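Visitor: my questions are about this predicted structure, shown below with the sequence.
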Amino acid sequence: MMSYSCNIVVLLLPLVVFTLALNANANSFESLLQLPRRQSRSTRTRPRSERILHVGHFGAKGNGFTDDTKAFVDAWKTACSSKSKTRILVPENYASLVRPIDLSGPCKARLTLQISGTIIAPSDPDDWEGLNLRKWIYFHGVSRLTVEGGGTVNGMGQEWWRRSCKHNHSNPCRGAPTALTFHKCKNMRVENINVIDSQQMHIAFTSCRRVSISGLKVIAPASSPNTDGIHISVSRGIVIDNTTVSTGDDCVSIVKNSSQISISNIVCGPGHGISIGSLGKSKSWEEVSDVTVDTASISDTENGVRIKTWQGGSGLVSNIIFRNINMNNVSNPIIIDQYYCDSKKPCANQTSALTIENIAFVRIRGTSASKQAIKITCSDTSPCRNILLEDIDLEPSNSDGYTKSFCWEAYGSSSGQVYPPSCLSHETSFLKQLVQSEITSVYL
Ligand SMILES: *[C@@H]1O[C@H](CO)[C@@H](O)[C@H](O)[C@H]1NC(C)=O
Ligand SMILES: *[C@@H]1O[C@H](CO)[C@@H](O)[C@H](O)[C@H]1NC(C)=O
Ligand SMILES: *[C@@H]1O[C@H](CO)[C@@H](O)[C@H](O)[C@H]1NC(C)=O
Ligand SMILES: *[C@@H]1O[C@H](CO)[C@@H](O)[C@H](O)[C@H]1NC(C)=O
Ligand SMILES: *[C@@H]1O[C@H](CO)[C@@H](O)[C@H](O)[C@H]1NC(C)=O
């Protein structure tokens, strides 16, 4: 008997802590983030010591067709080895053609890359022959870098999309470059930049710590394949604010052991919405925790806010808050899918699954393009726990219909008005079932 009650206490404890955190200050974990503080405009003065390196002085022509790659590499090398704060300037009237490049650190001092003009990728995929197909502009091992300037990074993805196996089924599926990749980065800022028409993903952070993104605009056609807006992998302490993403894939995707992610004031769509996952592919162990999405407008997307995991994986998705979200004609506004499978043949049923718990959907309103506005399908062996639905109103896009919710092995509670009506099973019945199965296993 002792062991049952102990187990219940152990189980309930995180639920209580989570609920308290949600009620007291749902952003509590955000305050743990130690982000580089943005100076207010009035105090932001450019120190005299900052060195400015104009890419033109390194031989860049900026005419849109001369290859400016060497000028960028040389400017980077000079800036990165400089002992004082340095700014690389791509001026407003420049359009620089840049081939795939590696810009590596560590650098000796703070660095700013000011893109006020445009950086253009080669339009011909054959220019990548013999190179890594996954990268165009690749930063690695860099800390204290700011990318800003109001200009544009143009991936010229049209030919890549045309050749993609998703568009031409006789072509093999292979990767395509991410426009901007930051690998092993730390204390970074990306501010007021447009990234358009990437070959595949637009901007990816892998193994990064403490990144602040604001005023980012990502734009690609809805039909462009795999063009995620912002991809976050193995990273911690990422803050995204005041950002617009319209693409052919996820606006933001968060995968592989990432935590402390805060997304606010985001406009998303068209595209596939804001996604946690996919996680647990090929039996991997993965964890994503402490994610808040607050104040978002999501329109004409395949999904709104989504958590997707593969069967057979393991790990944890926990402490996720989706709050103050406006949906406009979204096909799956609220979706948790523990049976994610994107291969052509159906994936085999497996017993192992990630644990999904402490997930809150609060004040999510607007219209759903499909009847099933809420869909929470969890694993038989690892049901979702402590899901909260609060103040939800998802009406059908076409005014004459209705919406409904679907749950499978999903436990939690609802509060306020919830439409379509919640389909969650009460937590207590989950606990009962758990105790029951434990009793059964004790006696078996
Ligand atoms: C599809 O790809 C094949 C092989 O690369 C090519 O021969 C064919 O012309 C392409 N089709 C279209 C419609 O682009
Ligand atoms: C939001 O970003 C845009 C650029 O995309 C910028 O012009 C605007 O000033 C930013 N607003 C705030 C409140 O930061
Ligand atoms: C995630 O973390 C787990 C446990 O620390 C580790 O085994 C796994 O390799 C990590 N995965 C990635 C992609 O870093
Ligand atoms: C809503 O989305 C559906 C499919 O995603 C689309 O066919 C339809 O035109 C959209 N409706 C409106 C009113 O935009
Ligand atoms: C997996 O299980 C579900 C539910 O029991 C069943 O409907 C489905 O056909 C199974 N899929 C496979 C590939 O066995």
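Guide: Here it is on my side, so go on. Ligands and ions are numbered 1, 2, ... in the order given.
Visitor: pull up the residues of this protein that are close to ligand 3.
Guide: 234, 256-257, 285-286 (CB under 6 Å from any ligand atom). Any C-beta I mention is one placed from the backbone N, CA and C, and that applies to glycine too.
Visitor: now the buried members of these.
Guide: Buried members of those, counted by 16 or more other CB atoms under 10 Å: 256-257, 286.
Visitor: which one of the residues you listed is nearest ligand 1?
Guide: Distances from ligand 1 to these, taken as CB to the nearest ligand atom, are shortest for Lys256 (32.2 Å).
Visitor: ok, the closest one touching Glu286?
Guide: Yes - in this structure Lys256 lies within contact range of Glu286 using CB atoms under 8 Å: 5.5 Å.
Visitor: who touches both of those two?
Guide: Leu279 (CB atoms under 8 Å, 6 or more residues apart in numbering).
Visitor: what number of residues lie near the closest residue to ligand 1 within the chain?
Guide: Across the chain, the shortest distance to ligand 1 (CB to the nearest ligand atom) belongs to Asn168, at 3.6 Å. The local packing of Asn168 (other CB atoms under 10 Å) involves 10 other residues.
Visitor: check it and give its pLDDT.
Guide: pLDDT, Asn168: 92.
Visitor: what secondary structure does it sit in?
Guide: coil (DSSP: H, G, I helix; E, B strand; the rest coil).
Visitor: quick one, phi/psi of it?
Guide: phi -120, psi 100 (degrees, to the nearest 10).
Visitor: just checking, it touches Arg162?
Guide: Yes - assessed by CB under 8 Å, Asn168 is found in contact with Arg162 at 7.0 Å.
Visitor: by proximity to ligand 3, which residue of the stretch 101-250 of the chain wins?
Guide: Counting by CB to the nearest ligand atom, the stretch 101-250 of the chain gets nearest ligand 3 through Val234, at 4.9 Å.
Visitor: show me the contacts for that residue.
Guide: Residues in contact with Val234 (CB under 8 Å, 6+ apart) are 206-207, 256-258.
Visitor: using a markdown table, lay out those residues together with secondary structure and distance to Lys184.
Guide: Listed next are the contacts of Val234 as a markdown table, based on DSSP: H, G, I helix; E, B strand; the rest coil; distance: CB to CB, whole Å:
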| residue | secondary structure | distance to Lys184 |
| --- | --- | --- |
| Thr206 | strand | 8 |
| Ser207 | coil | 5 |
| Lys256 | coil | 14 |
| Asn257 | coil | 14 |
| Ser258 | strand | 14 |
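Visitor: dump these into TSV; add distance to Ile119 and pLDDT as well.
Guide: Shown next, in TSV, are the contacts of Val234 (distance: CB to CB, whole Å; pLDDT from 0 to 100):
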residue	distance to Ile119	pLDDT
Thr206	21	98
Ser207	24	98
Lys256	28	96
Asn257	31	96
Ser258	27	98
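Visitor: format these as a markdown table; extra columns: distance to Ser397.
Guide: Shown next, in a markdown table, are those (distance: CB to CB, whole Å):
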| residue | distance to Ser397 |
| --- | --- |
| Thr206 | 36 |
| Ser207 | 40 |
| Lys256 | 34 |
| Asn257 | 37 |
| Ser258 | 32 |
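Visitor: thinking again about what came up before, greatest separation within the residues of the chain next to ligand 3: which pair is it?
Guide: The largest separation in the residues of the chain next to ligand 3, counting by CB to CB, is between Val234 and Trp285 at 12.8 Å.
Visitor: quick one: low-confidence parts of the protein?
Guide: 1-48, 428-444 (pLDDT under 70).
Visitor: longest strand of it?
Guide: Longest strand of the chain, by residue count under DSSP state E: strand 314-330.
Visitor: what about that one, near ligand 4?
Guide: Yes - applying CB under 6 Å from any ligand atom, one finds strand 314-330 touching ligand 4 at Asn329.
Visitor: packing partners for that strand?
Guide: Helices and strands touching strand 314-330, by 3 or more CB pairs under 8 Å, 6 or more residues apart in numbering; DSSP states H and E, are helix 2-25, strand 274-279, strand 285-299, strand 303-310, strand 355-368.
Visitor: one more time with 7 Å
Guide: Judged by 3 or more CB pairs under 7 Å, 6 or more residues apart in numbering; DSSP states H and E, strand 314-330 is in contact with strand 274-279, strand 285-299, strand 303-310, strand 355-368.
Visitor: so what strands line up beside the second one?
Guide: So the one you mean is strand 285-299. Strand pairing for strand 285-299, using DSSP bridges, gives strand 258-268 (parallel), strand 314-330 (parallel).
Visitor: need the residues that contact the shortest one.
Guide: Meaning strand 258-268. Strand 258-268 has contacts (CB atoms under 7 Å, 6 or more residues apart in numbering) with 29-30, 32-33, 232-245, 251-252, 254, 274, 288-298, 301.
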